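Asker: Show me how the following folds:
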Amino acid sequence: MGIRRMVERPDTLTALRTGDISLRHARRLLDQLGSVPRPARDALEAVLLPHAKRLTPTQFEGKARKVRERFHPDSITVRRAKCLSDRKVLFFPDKDGMATLWLRGAGDDLQGIYTRVTDAALSQLRADVAVDLLQQGVTGSGLGAGLTANVNITVPVLTLMGKSEEPAELEGYGPIDPETARRLAGTATSFLRILTHPHTGIVLDVSQDPFRVPASLKKYLRLRDGTCRFPGCNRSAGHSDLDHTIDKQFSGPGGHAQGRVIL
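Answerer: Numbers count the residues shown, from 1 in each chain. Okay, here's the model as predicted:
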């Protein structure tokens, strides 16, 4: 983070000096500001700073990437087309017999790859599964055979109909361009209709009260929460568990209002 970039943003610098935001917040905020044309930066900063003051750095980064879409003059479709020409794979040797393989590509493709690996294994085992799949197409034990990527997208109905260019939302990633959203929706095996507030975007009522959580309610809760609800946790809802706000043993209802995603 350059000193010049900080000096050019006195409001962010003041928030950092007073302790309202951390250095990690400031770095992420400046990174987002630097990704939009100069005329839009003041307005974007004014919108992002309040979020930086109340969210963790990781949560703020996710929020900032969504908000940024409203301030960039170029559509996400145009920007994606430009950035696809920069896709690449790089190899970085490291010490102690280790190395890093760096892959840059389309967000929907890489999110699908990450989801496939995570569905097969967790923690460090994800790296083992990824290596086996890349080297052999399947692990030595057969893990990965028939296992495909499963991703969730939230698409505004007008975008899906081709009447709007509003970005869609790829679970675990963020905004994606309408063309990619329509392509993914075209191969979807099922749809879940969600009613949201027209101004706040908050997901509205769905009522269920079974002992076993139905598939539709699982999808609803994970789409609504996005991540684990534990303070500061940013683990994807798709790889987290579901729980009652009030335990079932204490007569907690099973509808969406009492459901939550947890790690």
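
Asker: Just give me the neighbour total for residue 96.
Answerer: Residue 96 has 4 neighbours, counted by other C-beta atoms under 10 Å. Where you see a C-beta, it was placed from the backbone N, CA and C, and this is true even at glycine.

Asker: now swap in residue 20 and tell me
Answerer: Residue 20 has 15 neighbours, counted by other C-beta under 10 Å.

Asker: ditto for residue 88
Answerer: Residue 88: 9 neighbours (other C-beta under 10 Å).

Asker: for it, phi and psi?
Answerer: phi -170, psi 170 (degrees, to the nearest 10).

Asker: burial measure for the residue lying closest to residue 227 once chain neighbours are set aside, as a count.
Answerer: Distance criterion C-beta to C-beta, 6 or more residues apart in numbering; nearest residue to residue 227, sequence neighbours excluded, is residue 234 at 5.1 Å. Around residue 234 there are 14 other residues, counting by other C-beta under 10 Å.

Asker: now residue 111
Answerer: 21.

Asker: ok, now residue 131?
Answerer: Using other C-beta under 10 Å, residue 131 has 13 other residues around it.

Asker: Okay, now the unreliable bits of the protein?
Answerer: Counting by pLDDT under 70, the ranges of the chain that qualify are 1-4, 136-151, 189-201, 203-213, 241, 243-263.

Asker: how about 90 then?
Answerer: Scanning the chain with the threshold set as pLDDT under 90 gives 1-8, 58, 62, 66, 73-78, 80-86, 93-99, 101, 107-263.

Asker: Fine by me, thanks again.
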